[in-house]
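[1] sharing a model that was predicted from the sequence below.
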Amino acid sequence: MSGILVIGGGVAGSATGLALQKAGFEVTVHEAHPRTGADIGAFLTLASNGMQALAQIGAAGPVAGHGFPVTGMRFVDESGARLESVPLGEDEPSLHYRCMRRAELGAALQEEAHRRGLALRYSARLVALEEDDKGVTARFADGSSATGELLVGADGLRSAVRVHLDPAALPVYAGQSIFYGYTRDPAAGAGLEPDTLTMVRGSRVLFGCLVSPVGETFWFARLRGPAVGAEEAAVTPPGTWRDRLVALLRPDRSPAADIVRATEDKLMVTNAVRLTPGIRWHSRRVVLVGDAAHAAPPATGQGASMAFEDAVVLAKALRDAPHREAALELYAHHRRPRAERNIAVSALLTASGPPDWISIANARGGRSTLRRLSHLDEGLLRQLDWATPLTAPTAPTAPTA
């Protein structure tokens, strides 16, 4: 019987495996895709809290070798006029926000896992799981199975593990389709400030862009309306999406339309979705982390960072609690309020639309809701600090099995 099974070898699963290994557990990570199956994917921003969490498990260095730093965010209106600027992240360079492709982040974490001898099994797609008093068994599409003391569902938005725990907990469309793209045209990024995320409050589309040190412009566009169907997304050529977006952006005088027009085939579309707060996160031998537990629209840019926090706190809870069930309760106690606050804030930003986005982002007296989520306050630092024991709110109950 193996110790802990992690289902999903993406960014959440790889980080969770590294954290559990550091805590002294025997871990095997099971990834549904073949090792060579990753594509470039969309890009993401990894916030200061995410970098701090990675630092606690010794993975910040390998990740910092990818992407580029982002130290500020500026808002402009549909004419390109500056409305406001805010700093992003902590002053310490190792904790700066970083922008990178998701596949780069996943590959960096998997390579670090291989370097440390963490067991990763590829082409292992979960199809069923069973748990009882003796353990939990995962069954895979190739007919193989694995049994352990605990199973961690790090299998993302469409989590098969979540279906086992809470079959009714399905992702809900959050009201925006999101387009991502890249262009190497140097003219497209002309005038953009380095290390700065530029947010364009367009008349119909909320647009964001960054320029990398090598001159590649990363951009995204959020468009309110009906969800893009899976078949439509699969068969629509990138050029068609590009032309539709340019038509929506062209009435404004910001640089957004020209950036999208300069994009060729590196364009993709997805839908903003979320999970409803309050879903079941764990049973006696199964627990969820990352998007499998608390997927939120990407408006706050906290998806990967929250997953890395989960990895550290789960590993600490299992290390520090007197028994497994107390550990899972401890993990949920520390993680659920913060993760579900991120869902609420992301949903609010998504629903607000371009005209109200800035006022919503700076609501409730803070300079920026996004900055507050990433800020390493004393409570979050204690939660993430590997050397600090994770304390229980009350005395744990005796295990039932």
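    Sure, I can see it. Note that the structure is a prediction, hence the values are computed from the model and not measured. Residues are numbered from 1 along each chain as shown.

[2] next secondary structure element downstream of the longest strand along the chain?
    The residue-count maximum for a strand in the chain (DSSP state E) belongs to strand 172-183. Counting by DSSP states H and E, the next helix or strand C-terminal to strand 172-183 is strand 196-201.

[3] which other helices and strands contact the helix or strand following that following strand?
    Sequence order places strand 206-211 as the next helix or strand after strand 196-201, per DSSP H and E. Counting contacts by 3 or more CB pairs under 8 Å, 6 or more residues apart in numbering; DSSP states H and E, strand 206-211 is packed against strand 196-201, strand 217-224, helix 256-261, helix 324-361. All C-beta spots, glycine's among them, are computed from the backbone N, C-alpha and C.

[4] ok, back up a step: what comes up buried for the longest strand of the chain?
    174-183 (16 or more other CB atoms under 10 Å).

[5] tell me how many other residues crowd the closest residue to Q176 other than its chain neighbours.
    Using CB to CB, 6 or more residues apart in numbering and skipping the chain neighbours, the partner closest in space to Q176 is A272 (4.3 Å). Neighbour count for A272, taken as other CB atoms under 10 Å: 25.

[6] against P167, how distant is A272?
    23 Å (CB to CB, to the nearest Å).

[7] follow-up on the earlier one: mind checking the SS state of the residue nearest to Q176?
    Following DSSP: H, G, I helix; E, B strand; the rest coil, A272 is assigned to strand.

[8] which residues does it contact?
    Residues near A272 by CB atoms under 8 Å, 6 or more residues apart in numbering: 173-178, 222, 297-299, 350.

[9] ok, these vs E231, which is closest?
    S177 (14.3 Å; CB to CB).

[10] relative to V228, how far out is that closest one?
    5 Å.

[11] count the neighbours of the residue nearest to I279 when sequence neighbours are not counted for me.
    In this structure, I279 finds its nearest non-sequential neighbour in A169, 3.9 Å apart by CB to CB, 6+ apart. A total of 19 residues lie near A169 under the criterion other CB under 10 Å.

[12] and if you look at A344?
    12.

[13] swap in the one 3 residues further on?
    Other residues within reach of A347 by the criterion other CB under 10 Å amount to 20.

[14] so what's it up against?
    174, 274, 296-297.

[15] among these, which one lies nearest to L328?
    The closest of the contacts of A347, once distances to L328 are taken by CB to CB, is A296, at 21.7 Å.

[16] show me what contacts that closest one?
    Per CB under 8 Å, 6+ apart, neighbours of A296: 274-275, 302-303, 306, 342-343, 346-347.

[17] can you rerun that using 10 Å?
    A296 sits next to 174, 272-275, 277, 302-303, 306, 339-347, 349-350 when contact means CB atoms under 10 Å, 6 or more residues apart in numbering.

[18] buried subset of those?
    Among the contacts of A296, those scoring as buried are 174, 272-275, 302-303, 306, 339-343, 345-347, 349-350 (criterion: 16+ other CB under 10 Å).

[19] helix, strand or coil for the residue lying closest to A113 once chain neighbours are set aside?
    Using CB to CB, 6+ apart and skipping residues adjacent in sequence, the residue nearest A113 is S14, 5.4 Å away. Here S14 is helix, with the state taken from three-state DSSP.

[20] for the residue lying closest to A160 once chain neighbours are set aside, grab the count of nearby residues.
    What sits nearest to A160 in space, not counting adjacent residues and going by CB to CB, 6+ apart, is L126, at 4.8 Å. Residues near L126, counting by other CB under 10 Å, number 23.

[21] with R204 instead?
    Neighbours of R204 under the rule other CB under 10 Å: 18.

[22] fine by me, we can end here.
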